[in-house]
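Colleague: Whatever this is, show me its structure:
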Amino acid sequence: MGPDEPRYAAVARTMYETGDYITPRLWGDTWFEKPVLMYWLAAIGYALFGVGETGARFPSVLGATLSVFFIYWCGRRLFSRGTGFAAALILVSSLGFLALGRAASMDMPLTASLTAALVFFLLGYESEEGPRRWYFYCFYAALGFGVLAKGPIAILLPALTLVLFLLWRGGRHEWKQWHLEGVLVTILVAAPWYIAVTWANGWEFIQVFILDHNLQRFATDTYGHDRPFYFFVPVLPLMMFPWTFLLIPALRRRFRKNEQLILMWALVPFVFFSLSGSKLPAYILPMAPPIALLCARELCSETSRLFKLAVVLQALLVVAVGVTFGFFGEAINVDFAIAPIALVSAALVLAGALVAIGMLLPPAVLGGFNVVTIGILVFAITNVFYPRADTLETMRPWTGKLERFVSESQEVILYKPDRWMEYGLQFYRDNRIQKALSEQELAELTDPGGARLLCIAEDRLLDELSTSNAVEVEVVETSGNQAAFWVWRLP
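Modeller: Sure, this is the predicted structure:
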């Protein structure tokens, strides 16, 4: 889905098929937007599951699984078995984490690396000198994998967090216990690929990856992701839904030193990316694991007034989401194929149940209710929304339908495609496509002798082609709001 998934999947396929695991390439051209870890893991996915969506999403599934494990382990070691279990449940049932856990992107491998780094740091921080060294070495190794996942940001975010942590603690000399010689481990993990890709491609890699897609992306909106500074304020509650508001009672406590670090680890990505010139919802995904730990602490505590306030706010969010999707779904391009009044009624019933449970029963009961609710929601999305999105927002349905008209080696033309259409069909047809951005370009692609070519376009574009003086069309198949048609040049 979207323009990014098929491109990342295609880069990984090129690595898998050519055996060149140094230089990322997209359809023959070098592709230095992102580092290499996701591509390596996707190549392993292709080897295990075949070249397709499952293999391409293997890195995110693996990263999400590791994140849940590390959070459980951390909660159990630092607090209690119940806290670890609650933190794992909160993380795995957070809506944004669930969604990004099945997306072919770099965000989940980065999040898994930073989560592992946080956990190893916390365990080292709490340990005696003997095992402390090895926990910190693992911390630095996790940072190295983060650099391979998404670049310098995997160093910058933890560095800012730890500096602020020291300032908060007032312990100017605590850093001496962090075994800084472990930075060599980070270098050993990350540097070989960076050296190899720079050696193979020279200044082009430095210019595109470091200067353009790191410094310029942060400082400007060159890549079209300009958002207001408060962009993540509504994104965070939706990403951590239905748990975000548990942060309100969680913040009332006096934090111990390890909880101070957990809080800082969550806050820094939010503030840092709010100041960035480019903003996307997935940028703050590394906040999810530490937030899950903080919320789990509250879920395992006694009911408080702030807890009840958090439950009311969660209920209001449920109503707001129901009203938005029910009555304004078309405006935001979301259609659940459910009557608006039914969607809003369900939201009101759910909100009422939340308030009743939160006011009358222990917090752990609310936690169980949230998990069951999210399970039902995921089931509904998987069986109602995804099939519709598969038809309307992906090119996958065409993979079987086109076989009746063209062979795998023949090219298919896309007429005035959106980026997700172009990149999606490129992946499914192994780049055997061409695109035409005007009637004239479409006519030039056709054979003057009158031979027909197969073309795909959105339904709304067929009207202009039906009155064209340059080409003739014959519709032969439809899928969602798209049509496949034969096209040939008029004499």
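
Colleague: Excluding sequence neighbours, find me the nearest residue to residue 391.
Modeller: Spatial nearest neighbour of residue 391, chain neighbours left out: residue 480 (4.0 Å); criterion: CB to CB, 6 or more residues apart in numbering. All C-beta spots, glycine's among them, are computed from the backbone N, C-alpha and C.

Colleague: and the one you found, backbone torsions?
Modeller: Main-chain dihedrals, residue 480, degrees, to the nearest 10: phi 60, psi -120.

Colleague: mind listing the strands for the stretch 301-450 of the chain?
Modeller: 412-415, 433-436 (DSSP state E, counting those that start in this stretch).

Colleague: Identify all contacting residues around the last one.
Modeller: Same thing as strand 433-436. 411-417, 422, 425-426, 442, 444-445, 455 (CB atoms under 8 Å, 6 or more residues apart in numbering).

Colleague: Out of those, which end up buried?
Modeller: For the contacts of strand 433-436, a burial check counting by 16 or more other CB atoms under 10 Å picks out 412-417, 422, 425-426, 442, 445, 455.

Colleague: ok, then the element right after the lowest-mean-pLDDT helix or strand in the chain?
Modeller: Counting by mean pLDDT, DSSP states H and E, the chain has its least confident helix or strand at helix 217-219, which shows a mean of 64. Once helix 217-219 ends, the next helix or strand along the chain (criterion: DSSP states H and E) is helix 232-239.

Colleague: Return the set of buried residues in that next one.
Modeller: Taking 16+ other CB under 10 Å as the criterion, helix 232-239 shows 232, 235-237, 239 as buried.

Colleague: re the thing from before, from the buried ones among the contacts of strand 433-436, pick the one nearest residue 88.
Modeller: Nearest to residue 88 out of these is residue 426 (CB to CB; 37.8 Å).

Colleague: In helices, which of the contacts of strand 433-436 fall?
Modeller: Among these, DSSP state H puts 422, 425-426, 442, 444-445 in helices.

Colleague: okay if I get those residues as JSON lines plus distance to residue 300 and pLDDT?
Modeller: Output for the ones in helices among the contacts of strand 433-436, formatted as JSON lines (distance: CB to CB, whole Å; pLDDT from 0 to 100):
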{"residue": "422", "distance to residue 300": "49", "pLDDT": "87"}
{"residue": "425", "distance to residue 300": "49", "pLDDT": "88"}
{"residue": "426", "distance to residue 300": "49", "pLDDT": "87"}
{"residue": "442", "distance to residue 300": "63", "pLDDT": "83"}
{"residue": "444", "distance to residue 300": "67", "pLDDT": "81"}
{"residue": "445", "distance to residue 300": "64", "pLDDT": "82"}
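
Colleague: and the nearest residue to residue 428 once chain neighbours are set aside, how many neighbours does it have?
Modeller: Among residues not flanking residue 428 along the chain, residue 399 sits closest, at 4.8 Å (CB to CB, 6+ apart). Residues near residue 399, counting by other CB atoms under 10 Å, number 14.

Colleague: Adjust the sequence numbering to begin at 256 for everything that follows.
Modeller: Sure, I'll start counting at 256 from here, so that last one is residue 654.

Colleague: Quick check: residue 654 touching residue 679?
Modeller: No. Assessed by CB atoms under 8 Å, residue 654 is found out of contact with residue 679, at 9.9 Å.

Colleague: Tell me which helix or strand comes right after the longest helix seen in the chain.
Modeller: Ranked by residue count, the top helix of the chain under DSSP H comes out as helix 308-333. Note on helix 308-333: by DSSP H and E, the next helix or strand toward the C-terminus is helix 336-347.

Colleague: Which strands and helices lie in contact with the helix or strand where residue 522 lies?
Modeller: In the assignment (DSSP H and E), residue 522 maps to helix 512-529. On a contact count with 3 or more CB pairs under 8 Å, 6 or more residues apart in numbering; DSSP states H and E, helix 512-529 meets helix 362-380, helix 408-424, helix 487-494, helix 543-554.

Colleague: could you dump those helices to TSV with mean pLDDT and distance to residue 470?
Modeller: Formatted as TSV, the helices and strands packed on helix 512-529 follow (pLDDT from 0 to 100; distance: least, CB to CB, whole Å):
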stretch	mean pLDDT	distance to residue 470
helix 362-380	94	18
helix 408-424	89	11
helix 487-494	88	21
helix 543-554	90	26
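
Colleague: who wins for proximity to residue 319 among these?
Modeller: With CB to CB, the closest approach to residue 319 among those belongs to helix 362-380: 5.6 Å.

Colleague: helices or strands next to the closest one in the packing?
Modeller: helix 292-304, helix 308-333, helix 384-405, helix 408-424, helix 512-529, helix 543-554.

Colleague: Turn these into JSON lines, columns for distance to residue 570.
Modeller: Output for those, formatted as JSON lines (distance: least, CB to CB, whole Å):
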{"stretch": "helix 292-304", "distance to residue 570": "38"}
{"stretch": "helix 308-333", "distance to residue 570": "26"}
{"stretch": "helix 384-405", "distance to residue 570": "36"}
{"stretch": "helix 408-424", "distance to residue 570": "33"}
{"stretch": "helix 512-529", "distance to residue 570": "24"}
{"stretch": "helix 543-554", "distance to residue 570": "17"}
